[in-house]
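Peer 1: how would this look folded up:
(chains A and B)
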Amino acid sequence: MGCCGDDDGDLLDQLVPPESDTHTYFDHNSSPSPSSFAEEVVISPMNSNFAALVSKDLLRAILELLPPQDLARSACVCRLWRAVASEREMREKAFRSPWKVRRVLGDPSSALFWGHSRLDRFAISHRLRRGDTVAGLALRYSVQGNFVLVWVVTITVFGGWKELRFFLAIDEYMINVLLSPYLVMGIKRLNNMMSDHGIHSRERLLIPVVKPELLLNSTCYIEFDEQAKREVAVLYLEGGPDEKTNNLTNRAAFTERGKRKILNSLRRSMQVDVETAEFYLSFSNGDPRAAMMHFSEDLRWERQKREHYIFS
Amino acid sequence: MAKMIKLVSGDGAEFEVEEEVAFQSKIIKDIVADADDVIPLPTVSSKVLIQVIEYCRKHAAVNSFPLSPSSSAAAAASSSSSISYSKPVSDPALRAWDNEFVKLNNSSLFDIVIAANYLDIEELVDLVLETVADRIKGKQAQEIRRQFNIENDFTPEEEEALRRENSWAFQNN
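Peer 2: Next comes the predicted model:
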């Protein structure tokens, strides 16, 4: 094969005189070449081999394959690399490729924005409607988590091993319920909300993206959000910033069917009849998590009362 | 007997290759369609042409004779889900061969990718680009310069500005 490490076999020496660091073959300017890499090549005594070999197109094709961190470091290598690596399109590609976002429109105030593309760079824009609550939105946008995480959350939220048996019959809506408190915090933090009442003075809320699938093939808009006080790549689920298109993909507790599902989940988890579940749900203003908590408290109180009778 | 195509390198050496090997290059395939069996390649040196032919020979063999069950299954699978996958080579043996093939110095790699681009051999272009990108990943700027023998042509002020702008990238994640 002759290609492992040492790339000059004996055979080649017979055909070609030993290379003296010349690249006479690559006189791109003289011969007509269909190659898209054969652009203007600047050869100067100051530059090394590399610049003689590599045109902007070729360099671009290579740097395109780098994740944002490596791309940023590449910008620090030399002027040619800085020129290519700093091109907006390069940065944008590196930024959006981990999430397979199709396009990112808008220009950030600084290149630092492209620096990392962790999920917290993105947010969903939710146009507020009458009756929206932070808890309700958190439930609506929250994730279908995995079972292990649910156990951890359960123990943390309800604080005791005894309550674990209530969660044996967990299904996906209950998982949503249990994880949504974290999204509530996330929403408040992102929008700099001191309390739930902050919702009334706003037109829209940014929702942290917990389901990366939403970003697939999407178009995001770079915006500086006044409330969040930072730049975010915004995803509009219900149409673009001017809401011309209608692209609703996420529905949950709003519909009748959704509400019934929550009720049924609650009922199964509490192991009670429909009426009791309904009572607790309405008592907690439709918030299943609060319903669960109240129910749990009542149970504990009942148990203590019984024990008291036994031992007195 | 297989039809032979004659390739002539920039420095005048002639190479006869089987048609299917030469046809790994889309450009050559098009030229030959216009009934011309002798193809001059003035921008490609013999040294590089030999390496490119070697690659094409290996890949032509695999493409025409999918003998191993794994490779034919892979080929069947990839043809049914034909989304964006023109790139990855599914046969692990072939991939291993490719990895050995690209164990060359950067200078040779660039020669090859420029030739492969000229000849329109997509898989070879992708292979080399990925290889070079891998040599950049995880390195700091100074290491990259050393790897590719690049001179630092920034002024101290420029370097400082860049360091500030990109400081977040200097910690390895």
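
Peer 1: so A:Lys93, which of the three states?
Peer 2: helix (DSSP: H, G, I helix; E, B strand; the rest coil).

Peer 1: burial of the nearest residue to it once chain neighbours are set aside, as a residue count?
Peer 2: Nearest residue to A:Lys93, sequence neighbours excluded (Cβ to Cβ, 6 or more residues apart in numbering or on different chains): A:Glu64, at 6.1 Å. (Each C-beta comes from the backbone N, C-alpha and C, glycine too.) For A:Glu64, the neighbour count with other Cβ atoms under 10 Å in any protein chain shown is 16.

Peer 1: Nearest the middle, which residue of chain B would you pick?
Peer 2: Residue closest to the average C-alpha location in chain B (Cα atoms, centre = their mean): B:Leu124, at 2.8 Å.

Peer 1: residues touching that one, list them.
Peer 2: B:Gln24, B:Val52, B:Tyr55, B:Cys56, B:Ile112, B:Val113, B:Ala116 (Cβ atoms under 8 Å, 6 or more residues apart in numbering or on different chains).

Peer 1: so it is in which element?
Peer 2: Assigning secondary structure by DSSP states H and E places B:Leu124 in helix B:122-136.

Peer 1: Just the CA trace of that helix, in CSV.
Peer 2: What follows is helix B:122-136, C-alpha atoms only, in CSV (Å, rounded to 0.1, in the frame of the first residue of the first chain):
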residue,chain,number,x,y,z
GLU,B,122,-16.9,13.0,-3.6
GLU,B,123,-16.1,10.4,-1.1
LEU,B,124,-12.4,11.0,-1.3
VAL,B,125,-12.9,14.7,-0.8
ASP,B,126,-15.1,14.1,2.2
LEU,B,127,-12.6,11.7,3.7
VAL,B,128,-9.7,14.1,3.5
LEU,B,129,-11.7,17.0,4.8
GLU,B,130,-12.8,15.0,7.8
THR,B,131,-9.2,13.9,8.4
VAL,B,132,-7.9,17.4,8.4
ALA,B,133,-10.7,18.6,10.6
ASP,B,134,-9.9,15.9,13.1
ARG,B,135,-6.4,17.2,13.2
ILE,B,136,-7.7,20.6,14.2
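
Peer 1: tell me the average confidence for that helix?
Peer 2: Averaged across helix B:122-136, pLDDT comes to 95.

Peer 1: One more: stretch A:91-106?
Peer 2: Mean predicted confidence for stretch A:91-106 is 91.

Peer 1: Which single residue of the stretch 101-250 of chain A ends up nearest chain B?
Peer 2: In the stretch 101-250 of chain A, the residue that lies nearest chain B is A:Gly115 (5.3 Å; Cβ to the nearest Cβ).

Peer 1: need the contact list for that residue.
Peer 2: Listed by Cβ under 8 Å, 6+ apart, the contact partners of A:Gly115 are A:Pro68, A:Gln69, A:Ala72, B:Asn166, B:Trp168, B:Ala169.

Peer 1: Now tabulate those residues in TSV and tack on distance to B:Pro156 and neighbour count.
Peer 2: TSV is the format used below for these (distance: Cβ to Cβ, whole Å; neighbours: other Cβ atoms under 10 Å in any protein chain shown):
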residue	distance to B:Pro156	neighbour count
A:Pro68	26	22
A:Gln69	24	21
A:Ala72	20	27
B:Asn166	16	21
B:Trp168	21	13
B:Ala169	20	22
